[in-house]
Structures are given as structure tokens and as C-alpha cells.
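A.B. asks: Got a sequence here, can you build the structure:
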Amino acid sequence: MNALTIAPGAPVLEAQSLRREYRMGDERVVAVQDVSLSIAAGEYAAIVGPSGCGKSTLLNLLGVIDRPTTGSVRIAGRQVESLSDAEATRFRLLHVGFVFQRFYLMPALSALENVELPMSEAGMARAERRARASELLGYVGLGKRERHRPSRLSGGEQQRVAVARALANRPSLLLADEPTGELDARTGTEMIALLERLSADGTTIVVVTHDEKLARATRRVVHMLDGRVERDEPVR
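C.D. replies: Numbers count the residues shown, from 1 in each chain. Next up is the predicted model:
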């Protein structure tokens with residue numbers, strides 16, 4: 001259940017010539033076109049651009065939520081765009097962590113139980129998953145809030161639970177779609193600091209964001225426009 005083995009500096013993610021088309025009535029909409037991208041182990045990158053430029057569609061393709069019309073995606077050496085639905089679901093569960101703008105926590109479950117959930121789905125023994133969930137909540141600064149349900153947590157705390165949940169099965173790749181979008185300025189800054197800490201600890205992270213502060217905190221920014229990569233540059 002651990003992440004796939006990846007040599008330091010080797011590509012975790014390789015996308016080649018991605019194109020995603022949709023049909024809207026008689027019209028064909030091209031959301032992503034001719035996008036190639038490589039993300040190395042331990043890299044921290046942001047995908048930025050105006051609304052409707054294809055950022056979230058690209059993230060869904062990279063995270064095996066959606067399939068490209070043409071092109072290929074390889075994660076930790078595994079070709080994923082042709083996986084069956086069941087295989088893709090299992091692959092995501094074990095190897096890709098997701099953090100969304102909206103937290104998508106289970107309201108009836110405690111913070112600890114929410115973090116346990118993907119480990120339970122992966123078949124981890126109860127004692128092991130409970131210990132890891134507790135460890136992860138401590139890591140994100142919520143060790144004293146384990147028993148709280150989402151309704152008793154602030155927005156920033158809920159997003160921290162979502163981050164802990166995304167890390168539960170030790171994914172090869174962490175993808176975040178507007179992770180500060182629902183947060184106020186202070187808690188957004190705290191979330192940026194947490195993502196920087198994850199990066200410093202070796203997590204491979206790709207974020208989609210409109211948040212300039214978050215983009216500046218990454219190491220690489222991929223600019224999109226009209227479904228294409230316009231430019232790809234290091235932050236520093």
C-alpha cells in the first residue's frame with residue numbers, strides 16, 4: 001500500500017500531448033490541447049491561469065479522475081490513461097492524494113475517522129490506520145481535535161483534515177485544486193505554510209490556484225491560457 005518506488009529526481013508524473021475534448025450539443029469544446037508536462041520526485045509546482053483556461057481539467061487528467069481524448073499520462077512509471085474504471089479508482093486510492101477547494105469531509109465522522117477512511121478502503125488493519133490517522137492529524141497541527149466532527153472545526157481546520165486524509169495512503173503525488181480558495185487570508189497563509197512544509201519533507205505536489213501568494217511559495221509555475229501551456233518557469 002506504500003507509494004510506488006521512485007528514485008530521487010526521477011519523474012513522478014509524465015504527461016504527453018494531452019488533449020481533452022467535450023461535446024456540448026453540436027459544439028466541440030477543447031478544454032486542454034497539446035499539453036506535455038513532467039514533474040520530478042519532490043517537486044512543488046503550481047498551475048495558474050484565468051478561469052476557464054483548462055487548469056482543473058488538466059489536474060483531473062493528471063490525477064486519473066478523467067481520461068484524455070488523446071495523449072498519455074504516466075505516474076511513477078505506470079501508464080494510467082487506459083486503466084479501467086475499477087483499476088483507476090484503486091490506483092487513485094493508493095497513489096494519488098487529492099485536496100480540493102471544498103473539503104468534502106464526511107459530516108457524520110470525526111476528524112480521525114475522516115482520515116482513516118481511505119486507509120479502510122485500502123484494506124489497512126484498524127489499529128494501524130488509527131495510529132497513522134492520529135500521526136497525520138498531529139503533523140497538520142490537529143492532534144487535539146481528533147474527535148471533533150467537521151461542524152465543530154473552522155474552515156482552516158477542515159482543510160488540514162483534508163490534507164491529512166490525502167496523505168493517508170502515502171501517495172506518490174499530491175494534487176490540490178484551489179486549496180486556499182475557501183479560506184480567509186490568515187488561514188490561507190497557514191495552509192500555504194503547511195504545503196511548504198510538506199514540500200520540504202519530500203512530498204511531490206502540484207497545485208492549481210488563483211492565489212498569487214500560494215503560487216509564489218511553489219518552486220515552479222506553469223501558466224495556462226486557452227487550454228495550452230503558455231510558459232513554464234521556476235519561481236526561484
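
A.B. asks: how many neighbours does Ser38 have?
C.D. replies: For Ser38, the neighbour count with other CB atoms under 10 Å is 13. (Each C-beta comes from the backbone N, C-alpha and C, glycine too.)

A.B. asks: Is it located within a strand, as I assumed?
C.D. replies: Yes. Inclusion of Ser38 in a strand is indicated when DSSP: H, G, I helix; E, B strand; the rest coil is applied.

A.B. asks: Next, give phi and psi for the residue with the largest distance to the centre of the chain.
C.D. replies: For the chain, the C-alpha farthest from the mean C-alpha position belongs to Asp26; by CA atoms, centre = their mean, that distance is 33.1 Å. In terms of degrees, to the nearest 10, the main-chain angles of Asp26 are phi -90, psi 0.

A.B. asks: where does it land on pLDDT?
C.D. replies: At Asp26, the model reports a pLDDT of 86.

A.B. asks: all helices for the chain, in order.
C.D. replies: Taking DSSP state H as the criterion, the chain carries its helices at 55-62, 85-95, 111-121, 126-139, 155-166, 185-200, 212-217.

A.B. asks: a markdown table for those, including mean neighbour count, distance to Val229 and mean pLDDT?
C.D. replies: Below are the helices of the chain laid out as a markdown table (neighbours: other CB atoms under 10 Å; distance: least, CB to CB, whole Å; pLDDT from 0 to 100):
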| stretch | mean neighbour count | distance to Val229 | mean pLDDT |
| --- | --- | --- | --- |
| helix 55-62 | 23 | 9 | 95 |
| helix 85-95 | 16 | 24 | 95 |
| helix 111-121 | 21 | 31 | 97 |
| helix 126-139 | 17 | 33 | 97 |
| helix 155-166 | 24 | 25 | 96 |
| helix 185-200 | 17 | 21 | 94 |
| helix 212-217 | 16 | 15 | 94 |
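
A.B. asks: Please give me every residue in contact with the spatially most central residue of the chain.
C.D. replies: In the chain, the centroid-proximal residue (CA atoms, centre = their mean) is Leu175; its distance is 1.5 Å. With contacts taken as CB atoms under 8 Å, 6 or more residues apart in numbering, Leu175 has the following neighbours: 59, 62-63, 96-99, 205-207.

A.B. asks: how far away is Gly77 from Arg92?
C.D. replies: Using CB to CB, to the nearest Å, one gets 16 Å for the distance from Gly77 to Arg92.

A.B. asks: again, but for Val73
C.D. replies: Computed with CB to CB, the distance linking Val73 and Arg92 is 12 Å.

A.B. asks: if I look at the two, which residues touch both of them?
C.D. replies: Val64.

A.B. asks: what's the spacing between Cys53 and Ala41?
C.D. replies: For Cys53, the distance to Ala41 (CB to CB) stands at 27 Å.
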